[in-house]
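1. Coordinates for the following, if possible.
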Amino acid sequence: MFKIKNNLWWITVAVIIGVFYFPGPGRCASARLKFILSLDKTEYTSNDPINASFILKNVGSEPVMVNQRFYVSSESAPPKQKDVYFELISPSGQKLICQHFYPTGYPKTDAFKLLAPNEEAKSEYPRNLRGFFEIKQPGTYTLKAVYKNMFGQEIGLEVFQEELVSDPVKFTVVHQK
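-> The predicted structure is shown next:
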């Protein structure tokens with residue numbers, strides 16, 4: 001009897017380790033994906049659009065299902081009202097609050113993509129930061145983007161759902177001459 005209980009205990013431990021330490025395609029570790037934020041340039045006048053683009057890159061060895069819609073909204077929006085939000089720090093060091101909230105619905109099925117190892121999903125178009133923030137103060141700003149997918153399970157997909165934060169990028173706003 002003790003042998004059976006002991007064997008069941010080891011089997012249980014092995015299953016737990018297998019699920020958490022060796023995740024499958026839908027339960028992947030964040031080290032398998034990299035979220036990259038880029039801007040079209042590093043210096044802007046007070047009237048220029050400040051265009052940000054996104055890339056999700058599979059840096060792992062297994063395929064990963066992702067939501068490549070990259071819908072941007074406010075950090076304070078409900079979880080199912082954003083795929084991405086920005087964190088913007090002004091030249092004075094103050095965190096700027098997203099001024100505009102755009103409600104959304106569920107992504108279309110073509111927004112989901114199975115990324116093979118070393119494959120990327122790129123945003124279809126750039127997002128103008130001025131559509132989300134009041135950017136008036138001249139100086140250097142620091143920007144990060146946060147990706148957090150909440151969709152896919154409702155249509156039976158095992159989709160990556162961990163939070164990813166981009167490396168910070170800096171840009172400068174100068175007075176127009």
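2. Just confirm T42 contacts F171, I think it does.
-> Yes. With contact defined as Cβ atoms under 8 Å, T42 counts as touching F171 (5.3 Å). Any C-beta I mention is one placed from the backbone N, CA and C, and that applies to glycine too.
3. Compare those two (neighbour count), which wins?
-> F171 (19 against 10; other Cβ atoms under 10 Å).
4. ok, that one - contacts?
-> F171 sits next to L39, K41, T42, E43, Y44, I50, T140, Y141, L143 when contact means Cβ atoms under 8 Å, 6 or more residues apart in numbering.
5. could you redo the last one with a cut-off of 6 Å?
-> L39, T42, Y141 (Cβ atoms under 6 Å, 6 or more residues apart in numbering).
6. For the second one, give me phi and psi.
-> Recorded main-chain torsions at T42 are phi -110, psi -10, according to degrees, to the nearest 10.
7. mind checking how far it is from P79?
-> As judged by Cβ to Cβ, to the nearest Å, T42 and P79 stand 32 Å apart.
8. Now do the SS call for D110.
-> When classified by DSSP: H, G, I helix; E, B strand; the rest coil, D110 comes out as helix.
9. and it, how many neighbours?
-> Neighbourhood size, D110 [other Cβ under 10 Å]: 8.
10. Name the nearest residue to S73, ignoring sequence neighbours.
-> Nearest residue to S73 in three dimensions, chain neighbours excluded: K82, at 3.7 Å (Cβ to Cβ, 6 or more residues apart in numbering).
11. following the host helix or strand of M65, which helix or strand shows up next?
-> Using DSSP states H and E, M65 sits in strand 64-67. Using DSSP H and E, the helix or strand that follows strand 64-67 in sequence is strand 84-89.
12. Please name every helix or strand in contact with that following strand.
-> strand 139-148 (3 or more Cβ pairs under 6 Å, 6 or more residues apart in numbering; DSSP states H and E).
13. how much distance is there from the following helix or strand past the strand it packs on to the middle of the chain?
-> Sequence order places strand 163-165 as the next helix or strand after strand 139-148, per DSSP H and E. Distance of strand 163-165 from its chain centroid, counting by Cα atoms, centre = their mean, to the nearest Å, is 5 Å.
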